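*Asks:* quick one, what's the 3D model for this:
(one chain, ligands or ions: 1)
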Amino acid sequence: MVKSCCAYLCHSKAKETARNAGISFFRFPKDKRKRSLWTKVINRADWEPNDSVRICSLHFVDEWKSDAPEDVNYVPTIFNYKEKTLSTKQKDLLAQKQLQRCIDQTNRESAILAHSCFTAEVEISVDHNDMDVEDDTEKGVDSHSH
Ligand SMILES: [Zn+2]
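*Replies:* Modelled structure (predicted):
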């Protein structure tokens, strides 16, 4: 079964495409206090996370979770359901981030490619086999004539 993000209106699925886009999937924390905070922000009625529940990194400010309570990434804060009150600015920002990530990824890949092309020197093997021209046959012919 493909794991998908539990956030409302989020369609992230733990598949190759998500990985390629740099999206990670996190389990809900075991720590009760943190877990309840996360559950609260998911904002689903009569819903409790179980061990198979995942939330994707798109809901974290820095796209990664944090264990420090004072960290902004301690709790996921970016959710589509909040867009009703906010503008689409957040979405644009997110799209921009995604795009930048794509560009970064592409740049990195082409940089690696360029690098490997640059370092892969073509070895030109020069054949040093000097031809030993034997003149035995000529001698033979000579001795014959004598
Ligand atoms: Zn998500």
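*Asks:* from the ion, how far out is residue 73?
*Replies:* Separation of residue 73 from the ion (CB to the ion, to the nearest Å): 14 Å. All C-beta atoms are positioned from the backbone trio N, CA, C, and that covers glycine.
*Asks:* for this protein, which spans come out with low pLDDT?
*Replies:* By pLDDT under 70, the low-scoring segments of the chain are 81-90, 112-146.
*Asks:* would you mind listing what in it touches the ion?
*Replies:* Proximity of the chain to the ion (CB under 5 Å from the ion) is limited to residues 5, 7, 10, 12, 56, 58.
*Asks:* looking at those, spot the one nearest residue 80.
*Replies:* residue 10 (6.3 Å; CB to CB).
*Asks:* do I have it right that that closest one meets residue 80?
*Replies:* Yes: with contacts counted by CB atoms under 8 Å, residue 10 reaches residue 80, the gap being 6.3 Å.
*Asks:* inside strands: which ones of the residues of the chain next to the ion?
*Replies:* residue 56 (DSSP state E).
*Asks:* which single one of the residues of the chain next to the ion is nearest to residue 98?
*Replies:* Taking these together and measuring to residue 98 by CB to CB, the closest member is residue 58, at 8.4 Å.
*Asks:* as PDB, could you dump the C-alpha coordinates of stretch 34-42?
*Replies:* Only the C-alpha atoms of stretch 34-42 are listed here, as PDB (Å, rounded to 0.1, in the frame of the first residue of the first chain):
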ATOM      1  CA  LYS A  34       4.200  16.400  20.600                       C
ATOM      2  CA  ARG A  35       1.900  13.800  19.100                       C
ATOM      3  CA  SER A  36      -1.100  15.600  20.400                       C
ATOM      4  CA  LEU A  37       0.100  18.900  19.000                       C
ATOM      5  CA  TRP A  38       0.600  17.300  15.600                       C
ATOM      6  CA  THR A  39      -2.800  15.700  15.900                       C
ATOM      7  CA  LYS A  40      -4.400  19.000  16.700                       C
ATOM      8  CA  VAL A  41      -2.900  20.800  13.700                       C
ATOM      9  CA  ILE A  42      -4.000  18.000  11.400                       C
END
